[in-house]
Each structure stands twice: as structure tokens, then as C-alpha cells.
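Novice: This is a predicted model, with the sequence first.
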Amino acid sequence: MSVTAITNSNFNTEVLQSDKPVLIDFWAAWCSPCRMLSPTVDEIAEEISDVKVCKVNIDEEPELARQFNVMSIPTLVFIKDGKIEQQSAGVRPKASILSMIGK
């Protein structure tokens with residue numbers, strides 16, 4: 001599966017009403033750690049079909065960043081049944097992210 005870009009307008013449909021758990025990567029183009037983490041997140045999106053992988057550009061969607069209390073980036077948020085299950089900030093190895101989403 002590919003990564004879904006999340007905006008204010010598609011957030012409810014793509015995240016809250018998703019029939020799958022959702023991993024969201026909050027990022028920004030100017031953020032070096034975000035650029036380091038991005039290929040790993042993309043890889044997970046291609047390998048795991050039972051989790052929807054999404055990205056939120058915090059410069060384009062600051063309201064969503066505020067809603068999730070994102071204070072530093074990259075921040076990963078794992079949502080299951082519309083509720084936050086896990087949240088972490090900073091670059092993490094793939095195994096750590098997979099563990100976060102129960103894989």
C-alpha cells in the first residue's frame with residue numbers, strides 16, 4: 001500500500017473512520033530527521049497491508065499537529081479504533097516502529 005497524505009479535509013474519513021489501524025507520520029520538508037525516517041515509513045507502508053500508513057505535513061496542516069500535541073518532529077502516532085494507542089517523537093529504527101504497531 002502507498003502512503004496517504006492527510007489533510008484537515010480528509011482526516012475523519014482516512015483516519016477516524018478507517019477500518020484498519022492507522023500509523024501517522026508528522027513531518028516537515030525542512031526537517032532532517034524527518035527525511036531520515038521517511039524511507040522507513042514508506043517501506044512499512046509497502047510491506048504491511050493491515051495498517052494504513054499516513055503522513056501529515058505540519059507546515060501545511062498545523063491544526064492537525066496542534067490536535068495531536070506534536071511538539072517535535074518527526075512524531076509517529078498509532079491510532080486504533082479512533083483512539084491513540086502509541087505516540088513517539090524522533091527517529092526510530094524500523095523494528096521499533098513495527099513493535100509500536102504490534103508487528
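Specialist: Arrived safely. Numbering: from 1, shown residues only.

Novice: can you pull out the helices in the chain?
Specialist: Ranges of helices in the chain, per DSSP state H, are 11, 32-47, 62-67, 94-100.

Novice: Can you tell me which of those helices is most buried?
Specialist: helix 11 (a mean of 18; mean count of other C-beta atoms under 10 Å). All C-beta atoms are positioned from the backbone trio N, CA, C, and that covers glycine.

Novice: now C34, nearest residue through space, not along the chain?
Specialist: W27 (3.9 Å; C-beta to C-beta, 6 or more residues apart in numbering).

Novice: Can you read off the pLDDT for that neighbour?
Specialist: For W27, the model assigns a pLDDT of 98.

Novice: Contact partners for V70?
Specialist: Residues counted as contacts of V70 (C-beta atoms under 8 Å, 6 or more residues apart in numbering) are 26, 58, 89.

Novice: Nearest residue to the first one in space, please, no chain neighbours.
Specialist: In other words, F26. Distances taken as C-beta to C-beta, 6+ apart place T75 nearest to F26, at 4.3 Å, with adjacent residues excluded.

Novice: Can you name the residues bridging to the one you found?
Specialist: T75 has the following beta-bridge partners by DSSP bridges: F26, A89.
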